[in-house]
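K.L.:
next comes the sequence, and after it the predicted model I'd like to discuss.
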Amino acid sequence: MDPLQWSPSIAVGHAEIDGQHRELFERAGRFFATMGLPDSKRNGRFSTAFLYLDSYVRFHFTQEERLMARLEYPELARHREEHRTYISRLDAVKSQFESEGESAAVAAAMEGLLRLWLLEHIGRADRLVGEFAASTGGA
C-alpha cells in the first residue's frame, strides 16, 4: 500500500486545521507502515496504530467543529453530518477489525476510507472552512 502523503496543495489555509491534518496524514502513514510489516514483526503494532489513528480522527473532528461554531460557519450542520458519516464508516471498520483482526480486508477498508476522507473531504469541505475563516479574520 502506498501511504497517503501530506502536500501543501491540500492546505486549507488555517494553521490549526492544517496542523491537525498533517498529524492525521502522519498517523495514517504509521498505520500503513505497520500494515507493510511481515506478520511476525507486527507484535500488536497494527492494533496500536489503528487505535491511535481512530482516536485522533475523533479529536480532530471535535476541534474542527468547535472552530466552525466559533466562526459561526454557515455550513456547520452539513459539515458535521459529513463527519458523522465518516465516524460511522470508521466504526464499521473498527468492528470489522475487532472480529477479523489484522486482515487484508480491514487494511483495504481503512485505506479506502482514509483516501476518501483525507483527500476528498479535506480538499473540498475543509478548504471551504479555511476560506471562510480567512474571509472573517478567523484564520
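P.N.:
Sure thing, it's come through. Numbering: from 1, shown residues only.
K.L.:
outside of the helix or strand of the chain with the lowest mean pLDDT, which residues touch it?
P.N.:
Here the helix or strand of the chain ranked lowest by mean pLDDT, DSSP states H and E is helix 39-42, holding a mean of 77. Outside helix 39-42, the residues that touch it by C-beta atoms under 8 Å, 6 or more residues apart in numbering are Thr34, Glu102. In this view, the C-beta of every residue, glycine as well, is placed from N, C-alpha and C.
K.L.:
same check on stretch 67-83?
P.N.:
For stretch 67-83, the external contacting residues (C-beta under 8 Å, 6+ apart) are 14, 16-17, 61, 64-65, 121, 125, 128-129, 132-133, 136, 138.
K.L.:
now with 6 Å?
P.N.:
Outside of stretch 67-83, the residues within contact range by C-beta atoms under 6 Å, 6 or more residues apart in numbering are Phe61, Glu65, Ala125, Phe132, Ala133, Thr136, Gly138.
K.L.:
what separates it from the chain centre, distance-wise?
P.N.:
Centre-to-centre, stretch 67-83 and its host chain are 17 Å apart (C-alpha atoms, centre = their mean, to the nearest Å).
K.L.:
please point out which parts of it sit buried.
P.N.:
Leu67, Met68, Leu71, Tyr73, Leu76, His79, Arg80, Glu82, His83 (16 or more other C-beta atoms under 10 Å).
K.L.:
let's see which of these end up in helices.
P.N.:
Counting by DSSP state H, the buried residues of stretch 67-83 place Leu67, Met68, Leu71, Leu76, His79, Arg80, Glu82, His83 in helices.
K.L.:
closest to Pro38 out of those?
P.N.:
Minimum distance to Pro38 across those is 35.1 Å, recorded for His83 (C-beta to C-beta).
K.L.:
just the pLDDT for that closest one.
P.N.:
Looking at His83, its pLDDT reads 95.
K.L.:
any idea how far it is from His21?
P.N.:
Per C-beta to C-beta, to the nearest Å, His83 is found 14 Å from His21.
K.L.:
near Glu23, how many other residues are there?
P.N.:
Around Glu23 there are 14 other residues, counting by other C-beta atoms under 10 Å.
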